[in-house]
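Participant: Next come a sequence and a model predicted from it.
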Protein chains: 2
Amino acid sequence: MTSTTVLVDTMKLLADKTRLTILALLKEKEMCVCDIVDILQTTQPNISQHLKKLKNGGLVVETRRSQWIYYSLNVEDKPYLQGILEELPSMKDELSRFNPNCCK
Amino acid sequence: MTSTTVLVDTMKLLADKTRLTILALLKEKEMCVCDIVDILQTTQPNISQHLKKLKNGGLVVETRRSQWIYYSLNVEDKPYLQGILEELPSMKDELSRFNPNCCK
DNA sequence: CACTAATATAATTGTTTACTTATATGATGT
DNA sequence: ACATCATATAAGTAAACAATTATATTAGTG
């Protein structure tokens, strides 16, 4: 069982368009920060700060691979979020349109 | 499919402890405003404003029955919320402990 | 029609939060 | 060691938001 306070904190993480879009992107595949910055067309610090919140909230994990840091979803232990994650729109179009490949 | 914007607005409704607790209460049974005020131990305008937001967001519906207005969950058309609603803690204890019966 | 009870609305205040700009850290390649 | 690229952190600002206090509305009752 999850306490209401923890649940509220998790809902706060989902209550932001930038973060929800990041999660929608990570649903497709793991991504590095520069990818997300390119696709969402905002500043690097903005994305970096959102990723930090998502990481602190346990929704994503990071993996450094040489100079790039890849983020990926970490929701296996939160099945109650599945419905919402499934409801997020597909980001396939955005991914194929931009295809930034900044981290290669 | 639900747009990200609508989804964000719905998540904002869930990203508050008072509102999440109201939803947990309404999961047990429909309730009038004074019931909720008694149980959550806050002010009537506070609850009234939260209920208004939940109503505008389509998460609850109201039914006037003489001088009292009863609120109840309205989530049949939002299956993606089921997981979260199920994760909310049971309010049975609170209900039996207070049993305010202000609206009878 | 007054009076009361239940609920809603308005205005104010303090806090939280997202975003920006500037700077720092950390890794890679020369 | 230095320059560059990727990412993180810090500080400041403006907007969003929850809670409070005061007031308005609406329904029921004598």
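Facilitator: Looks like it arrived, so ask away.
Participant: Where do the strands of chain A begin and end?
Facilitator: Ranges of strands in chain A, per DSSP state E, are A:31-32, A:60-65, A:68-73.
Participant: So which bits of chain A are right by DNA strand C?
Facilitator: Where chain A comes near DNA strand C, counting by C-beta under 7 Å from any atom of the strand, the residues are A:12, A:15-18, A:42-43, A:45-46, A:49-50, A:53, A:64, A:66-67. Backbone N, C-alpha and C define where each C-beta goes, glycine included.
Participant: go with 10 Å
Facilitator: Proximity of chain A to DNA strand C, by C-beta under 10 Å from any atom of the strand, involves residues A:8-9, A:12-19, A:21, A:40-50, A:53, A:64-69.
Participant: Narrow those to those that are buried.
Facilitator: A:8-9, A:12-16, A:19, A:21, A:40, A:47, A:50, A:69 (16 or more other C-beta atoms under 10 Å in any protein chain shown).
Participant: picking that back up, of the strands of chain A, which stretch is the most buried?
Facilitator: Among these, strand A:31-32 has the highest mean neighbour count (mean count of other C-beta atoms under 10 Å in any protein chain shown), at a mean of 22.
Participant: Of the buried ones among the residues of chain A next to DNA strand C, which is the nearest to DNA strand C?
Facilitator: Ranked by distance to DNA strand C (C-beta to the nearest atom of the strand), those are led by A:Asp16 at 4.1 Å.
Participant: Quick check, that closest one in contact with B:Thr5.
Facilitator: No - if you go by C-beta atoms under 8 Å, A:Asp16 and B:Thr5 don't touch, sitting 11.4 Å apart.
Participant: For chain A, name the helix or strand with the lowest mean pLDDT.
Facilitator: When each helix and strand of chain A is scored by mean pLDDT, DSSP states H and E, helix A:92-98 comes last, with a mean of 88.
Participant: Name the residues of it that are buried.
Facilitator: A:Glu94, A:Leu95.
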